[in-house]
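Asker: got a predicted structure plus its sequence, pasted below:
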Amino acid sequence: QVQLAESGGGLVQAGDSLRLTCKASGLTFINYAVGWFRQAPGKEREFVAAISWNDQIIYYSDSTRGRFSIARDNFQHTAYLQIYTLKPEDTAVYYCAAVWGPPKEEVHSYTYWGQGAQVTVSS
């Protein structure tokens with residue numbers, strides 16, 4: 001059974017940094033690209049970042065490029081999303097997802113999803 005488990009969310013102050021972790025199990029991790037998405041209240045789920053199995057291909061959305069950093073550790077079956085200089089508009093549930101092959105930016109392209117981690121940024 002494939003499981004993706006996010007952790008590291010919480011209530012933070014604007015300007016803080018935060019690292020989210022996505023621990024994968026039940027799949028051959030190196031065969032999958034990992035993506036991070038977020039969903040704010042009343043909004044659609046949106047792409048944040050994605051990384052290929054070997055770190056050679058990394059995508060960021062226009063709104064996250066520069067303050068977000070995605071990484072992975074294949075030995076630990078874990079992916080990370082580092083967020084710097086958090087803003088109130090970063091408040092959302094953050095999801096990690098996995099897709100076979102190259103990374104994608106579309107929500108519907110991903111096969112496996114975690115339950116999400118709430119990040120709340122107070123001003």
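Answerer: Okay, I see it.

Asker: so which strand or helix has the spatially most central residue of the chain?
Answerer: With distances taken as Cα atoms, centre = their mean, W36 lies nearest the centre of the chain, 2.5 Å away. Per DSSP states H and E, W36 falls inside strand 32-39.

Asker: which strands or helices does that strand pack on?
Answerer: strand 18-25, strand 46-51, strand 68-73, strand 78-83, strand 92-100 (3 or more Cβ pairs under 8 Å, 6 or more residues apart in numbering; DSSP states H and E). All C-beta atoms are positioned from the backbone trio N, CA, C, and that covers glycine.

Asker: kindly reformat those strands as JSON lines containing distance to S123 and mean pLDDT.
Answerer: Formatted as JSON lines, the helices and strands packed on strand 32-39 follow (distance: least, Cβ to Cβ, whole Å; pLDDT from 0 to 100):
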{"stretch": "strand 18-25", "distance to S123": "15", "mean pLDDT": "98"}
{"stretch": "strand 46-51", "distance to S123": "21", "mean pLDDT": "98"}
{"stretch": "strand 68-73", "distance to S123": "19", "mean pLDDT": "98"}
{"stretch": "strand 78-83", "distance to S123": "16", "mean pLDDT": "98"}
{"stretch": "strand 92-100", "distance to S123": "15", "mean pLDDT": "98"}
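
Asker: for those strands, give me CSV that also has distance to Y59.
Answerer: Listed next are the helices and strands packed on strand 32-39 as CSV, based on distance: least, Cβ to Cβ, whole Å:
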stretch, distance to Y59
strand 18-25, 16
strand 46-51, 5
strand 68-73, 9
strand 78-83, 13
strand 92-100, 12
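
Asker: go through those and name the closest to Y110.
Answerer: strand 92-100 (3.7 Å; Cβ to Cβ).

Asker: partner strands of the helix or strand following the closest one and their direction?
Answerer: Where DSSP H and E defines the elements, the next helix or strand beyond strand 92-100 is strand 112-113. Sheet pairing for strand 112-113, assigned by DSSP bridges, gives strand 92-100 (antiparallel).

Asker: that's all I had, so thanks and see you.
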